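>>> Here's a sequence, model it:
(one chain, ligands or ions: 1)
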Amino acid sequence: MAKINAFRTQKGWIEVICGPMFSGKSEELLRRINLLQFAEVKYLMFTPNTDTRSGLKKAKSRDGRIIDSISVGCSREIIDWVNNSSEDVQVIAIDEAQFFDEELPEVCNYLANNDYIVIASGLDMDSWGRPFTPMMKLLIYAERVTKLKAICTNCGASASFTGHIKPRPMDAQILVGDKNEYTAHCRHCHSQSKLNYYNFPKVRKAKV
Ligand SMILES: [Zn+2]
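From the prediction side, this is the model:
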């Protein structure tokens, strides 16, 4: 007979919600936060601030829901906010995780190891199809990954890529903008996915 309960869960883990623009990542994060609010679980929500000023602000989803969030200049500040919180925080929510510094995955790991539940939402790739550095490690460290899809605006297939409408320089990895600048594409309609960055030899196409 088993000496342990094989279905016991230990508190402290990482959940990641990723996908392209227009796939509903922030809405999914807010949905999970809403569940916590009903259960009166205390949480703190963080967003990155590129101008390094910290403070409280409102996060707004595309469907108009508003929630308090803390804007931080670097991921280490999250630990300070948790330590200084007057409430018994159990969940750390992070939106726009792709814009954080490279230490974010380590901060999330550290918090999860100390029994916090971390839920991070962010773009996995830029509009050139290149991964965002903090997201790569976060996806590896996460116990639970939800990869959301949008709808390809070109062909209607399931879309995992963000496409840019106007030409963009390759060195620009910051994706800020909305429907007039970006769109959702499937692999086959995403023009950057056709580029051969690694100069691989030409490959014969698979039969359809
Ligand atoms: Zn398509």
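>>> Ramachandran angles for the closest residue to residue 94 other than its chain neighbours?
Excluding its sequence neighbours, the residue lying closest to residue 94 (Cβ to Cβ, 6 or more residues apart in numbering) is residue 120, at 4.2 Å. C-beta coordinates here come from the backbone N, C-alpha and C atoms, glycine included. Torsion angles at residue 120 (phi, psi; degrees, to the nearest 10) stand at phi -120, psi 140.
>>> Give me the neighbour count for residue 120.
For residue 120, the count of nearby residues is 29 (other Cβ atoms under 10 Å).
>>> Kindly report the same for the one 4 residues further on.
When neighbours are defined as other Cβ under 10 Å, residue 124 has 25 of them.
>>> Touching, it and residue 135? I think so.
Yes. Using Cβ atoms under 8 Å as the test, residue 124 is close enough to residue 135 to be in contact (5.2 Å).
>>> Which neighbours do these two have in common?
18, 98 (Cβ atoms under 8 Å, 6 or more residues apart in numbering).
>>> hmm, back to that, wait, isn't the residue nearest to residue 94 in contact with residue 107?
No. If you go by Cβ under 8 Å, residue 120 and residue 107 don't touch, sitting 10.2 Å apart.
>>> Residue 125: what's its closest spatial neighbour, skipping adjacent residues?
In space, and not counting its chain neighbours, residue 125 is closest to residue 131: 5.6 Å by Cβ to Cβ, 6+ apart.
>>> What are the phi and psi values at the one you found?
Residue torsions, per degrees, to the nearest 10, at residue 131 are phi -70, psi 150.
>>> what's the distance between it and the ion?
From residue 131 across to the ion, the span is 21 Å (Cβ to the ion, to the nearest Å).
>>> ok, that residue - how many residues close by?
15.
>>> and what of the one 5 residues further on?
Under the neighbour criterion other Cβ under 10 Å, residue 136 is assigned a count of 13.
>>> In a strand, it, correct?
No. Counting by DSSP: H, G, I helix; E, B strand; the rest coil, residue 136 is not part of a strand but helix.
>>> Quick one, grab the pLDDT at it.
Model confidence at residue 136, given as pLDDT, is 96.
>>> Look up how far the ion lies from it.
25 Å.
>>> quick one: stretch 4-19 to chain centroid distance?
18 Å (Cα atoms, centre = their mean, to the nearest Å).
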